[in-house]
Structures are given as C-alpha cells and as structure tokens.
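[1] build me a structure from this.
(one chain, ligands or ions: 1)
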Amino acid sequence: MSTKETGTMDNDTSKPSIAFIGLGNMGAPMAENLLKAGYTLSVFDLSDAATKRLEKAGACVAQSPKEAASNAQVVISMLPAGQHVHSVYLGDSSAEGLLAALPKGTLVIDSSTIAAADARTVAEAASKLGIDFLDAPVSGGTGGAVAGSLTFIVGGRADAFAKAEPILSAMGKNIFHAGEHGAGQVAKICNNMLLGILMAGTAEAINLGVKNGLDPKVLSDIMLQSSGRNWTLEVYNPYPQVMENVPSSNGYQGGFMSKLMQKDLNLAMQTAKDTHVDTPMGAKATELYTTHAQDNGDKDFSSIMGRHDASVLF
Ligand code: NAD
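    Numbers count the residues shown, from 1 in each chain. Okay, here's the model as predicted:
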C-alpha cells in the first residue's frame, strides 16, 4: 500500500527503506515517527492489532521478519526481551534467524533492552556475515516515543553509529554513542536501575504524606520544587489524577509494564553479580518489583504505588 493512498506524507526515496519489527507500546509510535519523517517502512509484529495501527499510518505489513526485511537497507527491532531478540535474529528450533537472510552491509539496530552479553552475541554473529549491528536501547518512555524525543544509547562501531544517527534522530532528541557493542545496554540498565529505585522511593514518599493527611498533588508540587525532585515527579507521577496523560491517571494501562521493569532490574543485578559490584538499593528495588509484578506484571511500573494503597489499582 502506498502512503499516498492512506493520505500520509510521501516517502523520500533518497532515504533507506526500513524494516521495523516489534510494534508494542514503544515500537508503534517510533515506527510512526519514521513514517512522518518520510521513511518507507515494512513492519512485522506477532499481534494483528499492532500491525493494523501501522498499516493505517502508511506502512506495508509483512507476514514475517524476513518478508519485512526483503527490500530493506536497515532493520530496527523493539522487542520485549533477550529471548525474542535472539529468536528473531539467530533463529530457534522452528525457524532460521533473520541475520542469515540479510545482504551484506545491512544495518541492524536493536532498541530492545536486553543483556549486554546477548547484544554482543548477536553483534558477533552479524559481524561474521558482514552486517553492522548496533545495540540502541532508549530512555524517555512512551511519551518520549510519541513525541519523538527519546534518548538513544548506542553501542557498536563508530561508522555504523554515523549511518544510524539520522534515522535515530527521527525518533529521538539525544543520541549517545556509549562505546563498543553492549555498551548501550550497560548504560541503559544503570539508568533503569536508578529509575526503579526512584519510582519505588517516590511512591513510598507520596504514600507517607497521604497517610499523614497531605493531598498527593500538593505534596508532589512541594517535592518538585524541593530536593526530592526527580523524573518521576516531573513527568510520571505514580499517584492517580495528580498528573494528566500518565498511566497512573489511566488505570496504569500502557506505558512501561512492571514485568519489563522487573526484567531490567534483573539484568542490572546479573551485571552487578558478574562484575562483583555492590548495588544494595538496586537489590531492594528488584525485590519490590519482583513481588509487585506477580499480580501486576502488565500494569505500568508506576503501579508500584498500589503496594502502599491497593485501592489505586482498581
Ligand atoms: P511491548 O510488550 O508493548 O511490545 C513488544 C512488541 O513486540 C509486542 O507488540 C509483541 O507482540 C512484539 N513481539 C514479541 N515477540 C515478537 C517476535 N518474535 N516478532 C515480532 N514481534 C514480536 O513492550 P514495549 O513497552 O514496547 O517495550 C519494548 C522494549 O523497549 C523492551 O525491551 C522494554 O524494556 C524497552 N523499553 C520500554 C519502555 C516503555 O516505557 N515501555 C521504555 C524504554 C525501553
């Protein structure tokens, strides 16, 4: 289907064609921003609802990762976890991986948050086939994905980074080259370990105030202008109705699922263990999210507020 038929912007043939795999809470708005910037997109996701959204926005829908990549110079993936990235690129017992089907010189950008070791494994396999691989996890949440203001934290060779930069700029505002393969993932899990600690701590502080008679909005405004200020208070308050257009004011739907935060905290803990680094606050946040995700795994990670006041979850 041409983008003209759907009434969206004409694609620019001087730009590389892109295959986009994984169109969830993050991938869908990221892919939409590439279309808006004039890129031709072929997309694949296991979910029909996810691909329909992109078809409406002007993308071609493929039936497999290979079909999506058949005419693409660049492949971007935004998948839940390491096992999904592994099976898409390297294959599993049921199918051969995508890497084997890509022509030499293809640029592969994986923006999923996965273990640095998994990213290095895929990068090594890609390199043997003459394919450039970058780990390029993001920060900024679904709001940043929609606004095209994500931070990309990239690991891989400098020449591949230079090729990727203009494409990433269509989806993000700050594009960092963190270092070699895997460096993007290490930086990302350091950030998310801190985010898990901040979200759990912010929910705890708001609860303490509310249980002592304070209005959550008044308390949040005070902390925003005081030394407890942090990203969660600025753009992602965990208490319902303090802020508009955040998951806590929408039944904790959408956003960044608690089970994904739990995954990232586990990645941070594994890295800390492997490298003999002490992370007691990270360990506590991991414990809190592990318990919380048992019954609230699909809810946004700000639903950790419900640990203190279960009524906010319903
Ligand atoms: P999501 O679960 O909403 O989306 C993942 C998508 O991948 C789903 O649509 C799923 O159907 C699809 N998928 C799974 N396996 C597939 C396969 N084999 N082939 C094709 N599609 C497949 O997750 P999300 O929130 O979009 O997160 C994606 C990644 O980004 C995760 O690694 C997460 O940790 C990271 N991340 C998320 C956020 C956030 O705020 N949601 C922020 C930063 C980073």
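[2] my guess is residue 262 is in a strand, correct?
    No: counting by DSSP: H, G, I helix; E, B strand; the rest coil, residue 262 is not part of a strand but helix.
[3] so who does it touch?
    Taking CB atoms under 8 Å, 6 or more residues apart in numbering as the criterion, residue 262 is in contact with 286, 289-290, 292-293, 297. (C-beta placed from N, C-alpha, C; glycine too.)
[4] among those residues, who's most crowded?
    Of all those, the highest neighbour tally under other CB atoms under 10 Å goes to residue 289, namely 27 neighbours.
[5] I'd like the distance between that residue and the ligand.
    13 Å (CB to the nearest ligand atom, to the nearest Å).
[6] and that residue, what element?
    Under the criterion of DSSP states H and E, residue 289 resides in helix 280-296.
[7] which residues does the residue in the stretch 151-300 of the chain that the ligand sits nearest to contact?
    When scored by CB to the nearest ligand atom, the stretch 151-300 of the chain has residue 256 as its residue closest to the ligand, at 3.1 Å. Contacts for residue 256 (CB under 8 Å, 6+ apart) come out as 25, 141-142, 300-301.
[8] kindly recompute the last result at 10 Å.
    The contact partners of residue 256, taken as CB atoms under 10 Å, 6 or more residues apart in numbering, are 25-26, 113, 141-142, 192, 195, 199, 236, 247, 264, 300-302.
[9] the nearest residue to residue 60 once chain neighbours are set aside in helix, strand or coil?
    Excluding the flanking residues, the one nearest residue 60 by CB to CB, 6 or more residues apart in numbering is residue 42, at 4.6 Å. Following three-state DSSP, the label given to residue 42 is strand.
[10] residue 42: neighbouring residues, count only.
    Residue 42 has 22 nearby residues by other CB under 10 Å.
[11] again, but for residue 162
    The tally of other residues near residue 162 (other CB under 10 Å) stands at 10.
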